[in-house]
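Q: pasting a predicted model and its sequence here:
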Amino acid sequence: MITTKDIRNKYVKNYPSAFCPGCGDGMVLNAMSRAVEKSGIDQKKVAAVSGIGCAAWIPSPYWKVDTLHTTHGRAIPHATGLKVGNKDLEVMVVSGDGDCAGIGGNHLLHAARNNIDLNVLMINNGLYAMTGGQVAPTTEHGEKTLTTPYGNPSQGIDICNVVKHSGASHVARWTTYHMNELIKEIERTIDIKGFSFIEVLSQCPTRTGKKEGLSGVEMLEWYRENTTKNKEEEGIYVGEIQYVERTELTEEIYEQISKRGGKPR
Amino acid sequence: MLKPGTYFMEGNEACAEGAMRAGLGLYAGYPITPASEVMNHLAKELPKTGGRFLQMEDEIASIAAVIGGAWSGLKSMTATSGPGFSLMQENIGYAVMTETPCVIVDVQRAGPSTGQATKPGTGDVMQSRFGSHGDYEIIALAPNSVQEMFDFTVRSFNLSERYRTPVVLLADAGVGHMREKFTIPEKVKTIERKRPKEVDKEFFDTHEEDHVPPMPDFGEGYELMVTGSTHLGDGTRDTASFEAQDRLVRRLNAKINDNREEIEDWEEMGCNRADLVLISYGSISRPVKGAVKKAREDGYDIGFFRPKVIWPSPEDRMKEIGKNSEVMLVELSLQGYRMEVERCVGSENLYIFDILNSLPTIEQVYEKIMEVIE
Amino acid sequence: MIKVRIGGWAGQGTVLAGTVLGRSLALQQGYDVVQRRSYSAAVRSGIAYSDIIADRVEVNDLTIEVPDYLLILYQKTLEEWDKEVKLCENLIVDSTRVKKVKKTDGNIYEVPAGQIAEDIASSKAANIVLLGALARVCEDIELEKLVDTIKSEFPKKYKQMNVKAVKAGYAYIEDLLTKD
């Protein structure tokens, strides 16, 4: 039996982290570590790519794998180069909702269309936390944030639905309340050849919590009460949203190379 | 990839051939006039050499994939023109900061904005030097023939690998879309990036004289921490301390500045104490050279000076020339290299012949020379 | 120095013809050659042309103001180029498409290139017919080398047709000159 301490020693460095007390990011780091451990893949072959924002700090500098901490919104195309460059790497992308669905939204669409074998975790806290709590593409209509003091005049995006229809092999949604399910889902993404996208609803006690008068734990309870694993029921659906087999970009490229007499260097 | 030999091809195609000879492993790009022929050629030829070709969704994604490719261990490149080059600027700074070797080809066209897509310009010279934010130095080369499109592409890769830094091949539509003879030699000299030895733990700092730390690939077990934030030698982010910022940024700049002698390259003819020296670069330097030759044949004491490496600029040599001669800068833009030349030779004895949209004839440049010396 | 401009409308193969000529002069005849093209951003509209400058010494003049040989495949192109048409030494037009030719200072050769090409296989080869005509008008350009270049550069399917086209263009001028 591998203990929490073992996981931490094997996968986490620069501890304690800079995350706020009660933040969901540390929980995601834990889930990712456990998933890699359970999957049995070589830790040396895991690469984590992130952009800018709180969630981008989950792997960098805390995760004991190779990390590429890139520019805002561009984690996915960086990861694309890395994966196509070396198909043996297990490339994880960890991104916030602003990073992934906002500034990086176009890259997300095309990576899903390419169905490139990346494992994308989009940590969704519903706003831009690092810069003080501005409205994000995921913020719900009417929500008050730093930049929507009179309520959000636009609608939040259902990003899982967008990724699903863009052609990703695998789409799922969980929350930080659902740790065991999340670990299993991440483990699945490692097995799946194709674009895997997990939206992780995660609490921001500093920005949202303070405003709503909720602690981190209370926000987790909110996730428990407001989510459902039954698609027919009211509430936020959590679980698998899509799994389909489709051609995968990296394999296609390597195949084209070998068919034309090239040998991937 | 073509066999060694002599060919009659376009500059952009010669660039693609040069890249493959240099060991290109990954190309990522987005179509744009007048640079598209580079990617068109590579789409077909690169897979045959084992290299990966990617057409991305935009230029930002292209440069990002190039950086990712470089960290996977491959020599990587993209090619674009003005509008795409503007989009790439943020990540060029990221490549500088993370010391990622890569080559960015900018086949300059007439700008600003969409401008004239098929017409040559050199309005990106300052952008190639200062286009990304923050303090940094960069290497940029300016070819003026199809042969140099081949040779300088190879050298761009060699410099980027040698100094672990992005290198810009600053071509223009004139040279990119020109067809000429060029020769692929039997042996092309290539340089590979410095790899870590067993003892190395620091991949983002060094006490070596050349200021270049070794670079491992992803997947080799080094627990690499690559970040665009200010970082310590082992890659750990340090977003606050004076020492980290001072040490890193000064070293990144020194990497180029302290190695100028090895990087700089220029062509000159009759520059010592000439009455007038014409400074020019890129495609327009061809008729300029022709005009200087003609003037010299006619008995005038006229010199010709052409930076092949435009950044870092050959500032010492230009300063010397400025002390002893009057200077005329001939370029395909109003502001291209002007501030740098002015800085080196002074504004009092500097004449400007700037021409937009098209290359002048030798005769037109010759007439300008006569206007100035008479 | 030989300065040739091949002008027409986008899609007429002016650049292709220029490349065949440039490659032939550069690789088969040992000239230093610069070939440049000009076109608008649209693929199938606007004036398109190809300039070839060849010399026995290093070519540094990259721009043709007035060509020695001006080949024109399209009426509108001819009308746009007042100065070039008037001053060039030799004007060779595809008279299938270019009907109205103003008087110029130099020689005018009207070659029904479109028709000749169509008789061979397809009017698309008009550009290559004109190139053959040029080889007869300009002594420095060798027909044999053009034929060799076409043979080595064109896809198999188009080889024969273009070899015939270039020879037919050459023969047309030959006839014209012997009749005089």
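A: Cool, the structure landed.
Q: give the other helices and strands that the longest helix anywhere in chain C contacts.
A: Ranked by residue count under DSSP state H, the longest helix found in chain C is helix C:156-179. Applying 3 or more CB pairs under 8 Å, 6 or more residues apart in numbering or on different chains; DSSP states H and E, we find helix C:156-179 packed against strand C:107-111, helix C:113-120, helix C:126-137, helix C:143-153. Bear in mind the C-beta positions are built from the backbone N, C-alpha and C, glycine included.
Q: in the chain, where is pLDDT below threshold?
A: Assuming you mean chain A. Along chain A, the model assigns pLDDT under 70 to no residue.
Q: chain C was what I was after
A: Along chain C, segments meeting pLDDT under 70 span C:40-45, C:180.
Q: what residue in it comes nearest to chain B?
A: Nearest residue of chain C to chain B: C:Asn60, at 3.3 Å (CB to the nearest CB).
Q: skipping adjacent residues, who's closest to that residue in space?
A: Distances taken as CB to CB, 6 or more residues apart in numbering or on different chains put B:Gly290 closest to C:Asn60, at 3.3 Å, once the chain neighbours are dropped.
Q: helix/strand/coil for that neighbour?
A: When classified by DSSP: H, G, I helix; E, B strand; the rest coil, B:Gly290 comes out as helix.
Q: determine the longest helix present in chain A.
A: Counting residues, the longest helix found in chain A (DSSP H) is helix A:25-39.
Q: now the angle from the very next helix or strand once past that one to helix A:25-39?
A: Per DSSP states H and E, the first helix or strand lying C-terminal to helix A:25-39 is strand A:46-50. Here strand A:46-50 points in a direction 160 degrees away from that of helix A:25-39 (axes from the mean of the first three to the mean of the last three CA atoms, to 10 degrees).
Q: who in the stretch 51-200 of chain A is up against chain B?
A: A:60-61, A:64-71, A:74, A:76-86, A:88-89, A:106-107, A:109-110 (CB under 8 Å from any CB of the partner chain).
Q: hmm, which of the residues you listed are the buried ones?
A: Neighbour-count burial (16 or more other CB atoms under 10 Å in any protein chain shown) is assigned, among these, to A:60-61, A:64-71, A:74, A:76-86, A:89, A:107, A:109-110.
Q: helices - which of these land there?
A: Residues of these located in helices (DSSP H): A:76-85, A:107, A:109-110.
Q: looking at the residues you listed, spot the one nearest chain C.
A: A:His110 (24.9 Å).
Q: not counting sequence-adjacent ones, nearest residue to the closest one?
A: Nearest non-adjacent residue to A:His110, counting by CB to CB, 6+ apart: B:Glu57, 4.1 Å away.
Q: residues contacting that neighbour?
A: Listed by CB atoms under 8 Å, 6 or more residues apart in numbering or on different chains, the contact partners of B:Glu57 are A:77, A:106-107, A:109-110, B:30.
Q: look up how far A:Asp191 lies from it.
A: Distance of B:Glu57 to A:Asp191, given as CB to CB, to the nearest Å: 27 Å.
Q: out of the contacts of B:Glu57, which two sit at the greatest distance?
A: With distances taken as CB to CB, the most widely separated pair in the contacts of B:Glu57 is A:Leu109 and B:Tyr30, at 15.1 Å.
Q: picking up where we left off before, close to chain B, is the longest helix of chain A?
A: No. Helix A:25-39 stays clear of chain B (CB under 8 Å from any CB), getting no nearer than 13.4 Å.
Q: neighbouring contacts of that helix?
A: For helix A:25-39, contacts defined as CB under 8 Å, 6+ apart pick out A:2, A:4, A:7-8, A:10-12, A:17, A:19, A:43, A:46, A:54-55, A:57-59, A:62-63, A:65, A:92, A:94, A:121, A:123, A:176, A:179, A:182-184, A:186-187, A:190-191, A:200, A:202.
Q: please pull up the helix or strand immediately following the helix or strand B:Ala61 falls within.
A: Assigned by DSSP H and E, B:Ala61 belongs to helix B:59-71. Moving toward the C-terminus from helix B:59-71, the next helix or strand (DSSP H and E) is strand B:75-80.
Q: show me the beta-bridge partners of the residue lying closest to C:Tyr109 once chain neighbours are set aside.
A: Of all residues not flanking C:Tyr109 in the chain, C:Ile92 sits nearest, at 4.5 Å (CB to CB, 6+ apart). Bridge pairing for C:Ile92 (DSSP bridges) gives the partners C:Leu71, C:Tyr109.
Q: mind listing what C:Ile92 touches?
A: Listed by CB under 8 Å, 6+ apart, the contact partners of C:Ile92 are C:69-72, C:109, C:111, C:130, C:133-134, C:137.
Q: quick one: the closest residue to A:Val162 other than its chain neighbours from A:Glu248, how far?
A: Nearest residue to A:Val162, sequence neighbours excluded (CB to CB, 6+ apart): A:Leu109, at 7.1 Å. Using CB to CB, we find A:Leu109 at a distance of 17 Å from A:Glu248.
Q: same thing with A:Leu182?
A: Distance, A:Leu182 to A:Glu248, using CB to CB: 24 Å.
Q: then C:Lys76?
A: Taken as CB to CB, the span from C:Lys76 to A:Glu248 is 51 Å.
Q: neighbour count for these two, which is higher?
A: In this view C:Lys76 and A:Glu248 are compared by other CB atoms under 10 Å in any protein chain shown, and A:Glu248 has more residues nearby, 20 against 14.
Q: list phi and psi for that one.
A: Phi and psi for A:Glu248, reported as degrees, to the nearest 10, are phi -120, psi 140.
Q: that one against A:Lys193, yeah?
A: Yes. Counting by CB atoms under 8 Å, A:Glu248 touches A:Lys193, with 5.2 Å between them.
Q: list residues touching both of the two?
A: Joint contacts of A:Glu248 and A:Lys193 (CB under 8 Å, 6+ apart) are A:117, A:169.
Q: residues near C:Arg56, how many?
A: So C:Arg56, with other CB under 10 Å, has 12 neighbours.
Q: now do the same contact list for it.
A: Under the criterion of CB under 8 Å, 6+ apart, the contact list for C:Arg56 reads C:31-32.
Q: do you know the pLDDT at the closest residue to chain C within chain B?
A: Nearest residue of chain B to chain C, counting by CB to the nearest CB: B:Gly290, 3.3 Å away. We have a pLDDT of 98 for B:Gly290.
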